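Peer 1: Compute the structure for the input listed below.
(one chain, ligands or ions: 1)
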Amino acid sequence: MVSRMGKIKCGVVGVGNCFAGLYQGLHYYKENPEKGVIGLMHQDMAGYRTQDIEFVSAFDVGSNKVGKSLDEATYAEPNMVDWIRLPKSDVIVQESPVLDGVGKYVEDVIKPVTNKPISQLREDIKKHIKETGTEIIVSYLPVGSQKAAEFWAETCLEAGVAFVNCMPVFIASDPDWEKKFREKKVPVIGDDIKGQIGATIVHRVLTRLTQDRGAELDKTYQLNVGGNTDFQNMLERSRLESKKVSKTESVQSQMKNRIPEENIHIGPSDHVPFLQNTKLCFLYMEGRQWADIPYKIDLKLDVDDKANSAGIVVDAVRAAKIALDRGYGGAIESASAYLMKHPPVQMSDPEAKAALEYFIMGKEQKLGK
Ligand SMILES: NC(=O)c1ccc[n+]([C@@H]2O[C@H](COP(=O)([O-])OP(=O)(O)OC[C@H]3O[C@@H](n4cnc5c(N)ncnc54)[C@H](O)[C@@H]3O)[C@@H](O)[C@H]2O)c1
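Peer 2: Okay, here's the model as predicted:
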């Protein structure tokens, strides 16, 4: 089907499992145009369809990914998404600076290439972005990659390409970074992508339910386990600080009064290798109703972690493209609130959805002018 608006040329940083799920899904929908895309927003968002998204550049550090074609790199270890076979891609994965990207628990499975100094890499990357016509960078860097995330935010600013930050280093939600994007008139959407039916959204909606129904929520936890490198990397507690803030604030923001810190625990809990990309979430809530009589919710969510966020990224990429078309810079507040766990401005999900609908119609853009 021919799009009204043309292609959206994207680059990816971190050709890991999340990207493998997104990329294989994009191909699935290109091959099956009669299928409605199962995602959050419209099949057609201001003239852009899922099928309009093209990955024209890719960056990683894995020695078995850099220099390989993008289809090949998508299946390379330790990736484990293998839903469908991809056709040969012309895109060759380029080297990204390692910085703090590879944590100690994944060192045995990700062997980074370190061929070039950072200053040269930055120039090479900007040149490649220009040559390939990349207009949006999607970051799937590992949790805890503060320096690598900042390198890529800076590179996007210098290259003038939009930044969709799917991981929990705060860029769109950090006032200093947001200002830089606004001043350069470069759109940024972030931070930390939500899942479609993920632990955060289920926890947020149930939290909001307790508040809307006038009940008290006194204590809650959310424990997550999975078997991929994301969970393996998160065994390193020191890398988790921003992930924990992102997930906890996403739930706290739905409370009328914050739950005391000692009564809320949200975070990944363990790596169970045989689970592979299956993520299990154990969610517990307890509180009080009429006459202080207690209630409890004890829930287990069982999802494919990589199918969960891909449809949301499709919407984030399309919102970034709309912002580029309209000359907006800075954080795209509505898209970040609806699609990300730690946006610059937290809203309830229905409010965020309405704000994003307004943005798509060209009616609202508060932060980025
Ligand atoms: N549902 C979800 O899966 C979900 C939801 C929200 C956020 N996220 C976040 O998305 C990110 C990606 O998750 P994943 O499961 O794809 O992880 P992954 O471990 O499978 O992939 C990470 C990739 O980044 C590469 N990498 C490491 N350092 C790099 C660097 N400096 N430059 C470029 N590439 C580098 C690795 O080689 C690997 O290919 C994580 O931060 C995760 O927390 C995922």
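
Peer 1: Cross-check the contact I'm expecting between Pro344 and Ile171.
Peer 2: No. The criterion here is Cβ atoms under 8 Å, and Pro344 misses it with Ile171 at 10.0 Å. No exception for glycine: its C-beta is placed from N, CA and C like everyone else's.

Peer 1: Distance of Tyr221 relative to the ligand?
Peer 2: To the ligand, Tyr221 is 19 Å away according to Cβ to the nearest ligand atom, to the nearest Å.

Peer 1: What's the local residue count around the residue nearest to that residue when sequence neighbours are not counted?
Peer 2: Spatial nearest neighbour of Tyr221, chain neighbours left out: His265 (4.3 Å); criterion: Cβ to Cβ, 6 or more residues apart in numbering. Using other Cβ atoms under 10 Å, His265 has 15 other residues around it.

Peer 1: what residues are up against His265?
Peer 2: 220-223 (Cβ atoms under 8 Å, 6 or more residues apart in numbering).

Peer 1: and these as JSON lines, adding neighbour count?
Peer 2: Output for the contacts of His265, formatted as JSON lines (neighbours: other Cβ atoms under 10 Å):
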{"residue": "Thr220", "neighbour count": "23"}
{"residue": "Tyr221", "neighbour count": "16"}
{"residue": "Gln222", "neighbour count": "24"}
{"residue": "Leu223", "neighbour count": "16"}
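
Peer 1: quick one: which of these is nearest the ligand?
Peer 2: Nearest to the ligand among those is Gln222, at 13.6 Å by Cβ to the nearest ligand atom.

Peer 1: longest helix anywhere in this protein?
Peer 2: helix 305-326 (DSSP state H).

Peer 1: picking that back up, max pairwise distance over the contacts of His265: which two?
Peer 2: Thr220 and Leu223 (11.0 Å; Cβ to Cβ).

Peer 1: list residues touching both of those two?
Peer 2: Contacts common to Thr220 and Leu223, judged by Cβ under 8 Å, 6+ apart, are 265, 283.

Peer 1: if I look at the closest residue to the ligand within the chain, how far off is Asn228?
Peer 2: Closest to the ligand within the chain is Gly16: 1.7 Å, counting by Cβ to the nearest ligand atom. Separation of Gly16 from Asn228 (Cβ to Cβ, to the nearest Å) stands at 8 Å.

Peer 1: hmm, back to that, with adjacent residues omitted, what lies nearest to the residue of the chain closest to the ligand?
Peer 2: Tyr140 is the one closest to Gly16 (Cβ to Cβ, 6+ apart), at 5.7 Å.

Peer 1: now do Val202
Peer 2: Leu301 (5.9 Å).

Peer 1: could you give the angle of the helix or strand where that neighbour lies to helix 305-326?
Peer 2: Here Leu301 is covered by strand 294-304, with elements defined by DSSP states H and E. Angle of strand 294-304 versus helix 305-326, following axes from the mean of the first three to the mean of the last three Cα atoms, to 10 degrees, is 80 degrees.

Peer 1: For strand 294-304, buried residues please.
Peer 2: 301, 303 (16 or more other Cβ atoms under 10 Å).

Peer 1: Look at Asn366 and report its pLDDT.
Peer 2: One thing to correct before we go on: residue 366 is Lys, not Asn. Listed pLDDT for Lys366 reads 53.

Peer 1: Can you verify my assumption that Met340 contacts Gly190?
Peer 2: Yes. Applying Cβ under 8 Å as the test, Met340 and Gly190 come out as touching, 5.5 Å apart.

Peer 1: what residues are shared contacts of those two?
Peer 2: 165, 172.

Peer 1: And the two? Which one has more around it.
Peer 2: Per other Cβ under 10 Å, whichever of Met340 and Gly190 has more neighbours is Gly190, with 35 against 30.

Peer 1: quick one: the more buried one from Gly6, how far?
Peer 2: Distance from Gly190 to Gly6, by Cβ to Cβ: 25 Å.

Peer 1: buried stuff in stretch 131-146?
Peer 2: 132, 134-146.

Peer 1: Hmm, I typed the wrong one, I wanted stretch 255-266.
Peer 2: Result for stretch 255-266 [16+ other Cβ under 10 Å]: buried residues 259, 264, 266.

Peer 1: before we move on, back to that, list the strands paired with the strand holding Leu301, with their directions.
Peer 2: Looking at strand 294-304 with DSSP bridges, its partner strands are strand 278-288 (antiparallel).

Peer 1: Give me the contacts around the partner strand.
Peer 2: For strand 278-288, using Cβ under 8 Å, 6+ apart, the contacting residues are 198-199, 202-203, 206-207, 210, 215-227, 231, 294-305, 308.

Peer 1: Also stretch 114-122?
Peer 2: Residues contacting stretch 114-122 (Cβ under 8 Å, 6+ apart): 95-99, 124, 151, 155, 158.

Peer 1: just to revisit the earlier point, does the ligand have contacts with the longest helix of the chain?
Peer 2: Yes. Counting by Cβ under 6 Å from any ligand atom, contacts between helix 305-326 and the ligand involve 305-306, 308-309.

Peer 1: what about Gly362, neighbour count?
Peer 2: 11.

Peer 1: Name the nearest residue to it, ignoring sequence neighbours.
Peer 2: Nearest one to Gly362, counting by Cβ to Cβ, 6+ apart, is Arg326 at 6.9 Å.

Peer 1: Also Thr134?
Peer 2: Among residues not flanking Thr134 along the chain, Gly11 sits closest, at 4.0 Å (Cβ to Cβ, 6+ apart).

Peer 1: neighbours around that neighbour, how many?
Peer 2: Neighbour number of Gly11 under other Cβ under 10 Å is 26.

Peer 1: List the contacts of it.
Peer 2: Gly11 touches 55-59, 129, 132, 134, 136-138, 161, counting by Cβ under 8 Å, 6+ apart.
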